[in-house]
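Student: Predicted coordinates and the sequence they were generated for:
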Amino acid sequence: MHTVGDGDAFSAAGFDVTVHGELHAVIHPDIPRITNVGFLVDGSVFHPGDALTVPERPVDTLLLPVMAPWSKISEVIDYVREVKPRRAIDVHDALLTDLARPIYDNQIGALGGADHGRLAPGGTTEL
């Protein structure tokens, strides 16, 4: 295991990975921010962690942290708009109930500016 930080690059399992960001998104002004980074894999797939960092280059696929105790759907939509991926795939969505999922799907899909989807547990997609 190796510690990495913003700007670092490494290879893992045959993939080229670059590190983006430094800090977790703000949970509350009274809670100190912790280290959290995102990973751009093969220049195409970006997982921002909980940092919600905007990568310095365009990405094809954004793995979108769609639900967390510290986030609002408006922030999620704005983040998709700022990153401008071709598509966004939900991650960090375990707290969403079956009643809330369609609301998130409809709002992010209609307002985010990118193809939007999610995978069922164990599901796959072509990257």
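Tutor: Good, I have the coordinates.
Student: Could I get the contacting residues of Arg81?
Tutor: 111-113 (Cβ atoms under 8 Å, 6 or more residues apart in numbering). Placement of C-beta: from N, CA and C, glycine included.
Student: Please identify the helix or strand for the residue positioned nearest the centre of the chain.
Tutor: In the chain, the centroid-proximal residue (Cα atoms, centre = their mean) is Leu64; its distance is 3.3 Å. Taking DSSP states H and E as the definition, one finds Leu64 inside strand 61-65.
Student: What strands line up against that strand, and which way round?
Tutor: strand 45-47 (parallel), strand 87-91 (parallel) (DSSP bridges).
Student: and it, what's its mean pLDDT?
Tutor: Averaging pLDDT along strand 61-65 yields 97.
Student: what element comes up after that strand heading to the C-terminus?
Tutor: The C-terminal neighbour of strand 61-65 among helices and strands, as given by DSSP H and E, is helix 73-83.
Student: buried ones in that following helix?
Tutor: Going by neighbour count (16 or more other Cβ atoms under 10 Å), the buried part of helix 73-83 is 76-77, 79-80, 83.
Student: do stretch 22-42 as well
Tutor: Neighbour count says stretch 22-42 has 23-25, 36-41 buried, by 16+ other Cβ under 10 Å.
Student: Now tell me which of the residues you listed the prediction trusts least.
Tutor: The lowest pLDDT within the buried residues of stretch 22-42 belongs to Ala25, with 89.
Student: can you pull the contacts of that one?
Tutor: Per Cβ under 8 Å, 6+ apart, neighbours of Ala25: 36, 50-52, 68, 70-71.
Student: picking that back up, and the contacts of Arg81, which of them are buried?
Tutor: 112-113.
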